[in-house]
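Engineer: Quick one: sequence and predicted model below, then my questions.
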Amino acid sequence: MTEQFTKTPDWLDWYPNPSKPRFALPQGTVDTHCHVFGPGATFPFAPERKYTPCDAGKDQLFALRDHLGISRNVLVQATCHGADNSAMLDAIDASNGRARGIATVRPDITHDELVQLHNSGIRGVRFNFLKRLVNTSPKDELRTIAHKIAPLGWHIVIYFEGADLEELEAFFAALPTPLVVDHMGRPDTSQPVDGPDFTRFLRFTDKNDVWVKVSCPERLSLTGPPALNGELRPYQDAVPFGRRVIAEFPDRVLWGTDWPHPNLKDHMPDDGLLVDYIPLIAETPDQQHKLLVDNPTRLYWPGDVA
Ligand SMILES: O=C(O)c1cc(C(=O)O)oc(=O)c1
């Protein structure tokens, strides 16, 4: 019997009919941050999960990719699937080479299992430090994983809240691989962009081998307006943070949809309007091409770089 799952109360489902973006994504655009959820009947959610989502499977992800004009995806293992990467691997397998993945693994993983993941398109692991998403993040276990994956040329995707960087910084700096920061390190957008927390984050990025996803204005914004009803200037309080990172690190920024947008509480954005947000933070064609095509291709499909 297949397991039936009941969504977390007040769960917001992904936006069903996104608008067609006005901003034309350049050929070769990579969405470096998206997830698949199940479907739960085929790929059950993990017993230790902190939320139970709606289904958001590979067919729906690929339909969104094509609708928005995205060329390739990087699937990031969602915490609701724990360390069972099979839904993501199934999606990568079905993508005809147009997807890579970031896995969650346990410290006892073997080299042969890692090689198998590499051959399936995995290029990194994710370390998550948000207490509302994971029970614990034991640093000694994460270090063990880091040293096992480093020889494969992988990187580590880190997800943390801006206020926690001070405590985590030394641990991150000692990791033996490049780091990719989810959602700009989740700055508090009520603080000024040149306030102490974001200054710390920019310094951390500058001093280390760090790439930054300038994703998720819809998560970071406190004042909106939401990307709904044709709004072409949404999330104004998040804009200065994205602009600043792109201006300082044009060769180390990445963009992603974050579809299907787990755990949003206020509203579910129109993904077409989230594409129209990009030129608000990447203001020149040169910045846009680096953000959307050159940087992610270098990181995830290095064989394609001339
Ligand atoms: O902020 C979140 O709730 C969230 C959750 C997950 C996940 O559950 O994997 O991934 C994200 O990128 C963001």
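Structural biologist: That came through, no problem.
Engineer: how far out from the middle of the chain is the longest strand anywhere in the chain?
Structural biologist: Under DSSP state E, the strand in the chain containing the largest number of residues is strand 122-128. Distance, stretch centre to chain centre, for strand 122-128: 10 Å (Cα atoms, centre = their mean, to the nearest Å).
Engineer: Listing partners with orientation, what would you give for it?
Structural biologist: Under the criterion DSSP bridges, strand 122-128 sits next to strand 99-103 (parallel), strand 155-159 (parallel) in its sheet.
Engineer: and the last one, what's its mean pLDDT?
Structural biologist: The one in question is strand 155-159. Averaged across strand 155-159, pLDDT comes to 98.
Engineer: ditto for the first one
Structural biologist: pLDDT averaged over strand 99-103 equals 98, rounded to a whole number.
Engineer: Just the CA atoms of that strand, as PDB, please.
Structural biologist: In PDB, the C-alpha atoms belonging to strand 99-103 read as follows (Å, rounded to 0.1, in the frame of the first residue of the first chain):
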ATOM      1  CA  ALA A  99      20.100  18.700 -14.600                       C
ATOM      2  CA  ARG A 100      22.700  18.300 -11.900                       C
ATOM      3  CA  GLY A 101      22.100  17.700  -8.200                       C
ATOM      4  CA  ILE A 102      23.100  18.500  -4.600                       C
ATOM      5  CA  ALA A 103      22.600  15.600  -2.300                       C
END
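Engineer: do that strand and the ligand meet?
Structural biologist: No: taking Cβ under 6 Å from any ligand atom as the criterion, strand 99-103 and the ligand are apart, separated by no less than 10.0 Å. Quick note: C-beta positions are derived from backbone N, CA and C, even for glycine.
Engineer: Just checking the distance from that strand to the centre of its chain.
Structural biologist: For strand 99-103, the distance to the chain centre is 11 Å (Cα atoms, centre = their mean).
Engineer: need the residues of the stretch 201-306 of the chain near the ligand, please.
Structural biologist: 219, 258, 262, 263.
Engineer: Was I right to think the third one contacts residue 53?
Structural biologist: Yes: here residue 262 lies in contact with residue 53, judged by Cβ atoms under 8 Å, at a distance of 5.9 Å.
Engineer: got any residues that touch both of these two?
Structural biologist: 37, 78, 80 (Cβ atoms under 8 Å, 6 or more residues apart in numbering).
Engineer: how close does the last one sit to residue 157?
Structural biologist: Same thing as residue 80. From residue 80 over to residue 157 the distance is 16 Å, taken as Cβ to Cβ, to the nearest Å.
Engineer: From residue 255, how far off is residue 45?
Structural biologist: From residue 45 to residue 255 the distance is 27 Å (Cβ to Cβ).
Engineer: Counting neighbours, go ahead and name the busier of the two.
Structural biologist: Of the pair residue 45 and residue 255, residue 255 is the one with more neighbours under other Cβ atoms under 10 Å, namely 28 against 22.
Engineer: contacting residues around the spatially closest residue to residue 208 that is not a sequence neighbour?
Structural biologist: In this structure, residue 208 finds its nearest non-sequential neighbour in residue 173, 5.5 Å apart by Cβ to Cβ, 6 or more residues apart in numbering. By Cβ under 8 Å, 6+ apart, the residues touching residue 173 are 204, 207, 208.
Engineer: which SSE is residue 75 in?
Structural biologist: strand 72-76 (DSSP states H and E).
Engineer: In CSV, could you pull the C-alpha coordinates for that strand?
Structural biologist: Provided in CSV are the C-alpha atoms of strand 72-76 (Å, rounded to 0.1, in the frame of the first residue of the first chain):
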residue,chain,number,x,y,z
ARG,A,72,19.2,23.7,-17.1
ASN,A,73,18.4,22.9,-13.5
VAL,A,74,20.4,22.2,-10.4
LEU,A,75,18.2,20.2,-8.0
VAL,A,76,18.9,20.7,-4.3
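Engineer: any idea how far stretch 267-274 is from the chain center?
Structural biologist: On Cα atoms, centre = their mean, the centre of stretch 267-274 falls 16 Å from the chain's centre.
Engineer: Over to stretch 268-285?
Structural biologist: With Cα atoms, centre = their mean, you get 16 Å for stretch 268-285.
Engineer: Over to stretch 65-72?
Structural biologist: The answer for stretch 65-72 is 16 Å, by Cα atoms, centre = their mean.
Engineer: That stretch: which residues count as buried?
Structural biologist: Buried residues in stretch 65-72, counted by 16 or more other Cβ atoms under 10 Å: 65, 67, 68, 69, 70, 71, 72.
Engineer: got it, and stretch 211-222?
Structural biologist: Within stretch 211-222, judged by 16+ other Cβ under 10 Å, the buried ones are 211, 212, 213, 214, 215, 216, 217, 218, 219, 220, 221.
Engineer: which one of these is nearest the ligand?
Structural biologist: When those are ranked by distance to the ligand (Cβ to the nearest ligand atom), residue 219 comes first, at 6.0 Å.
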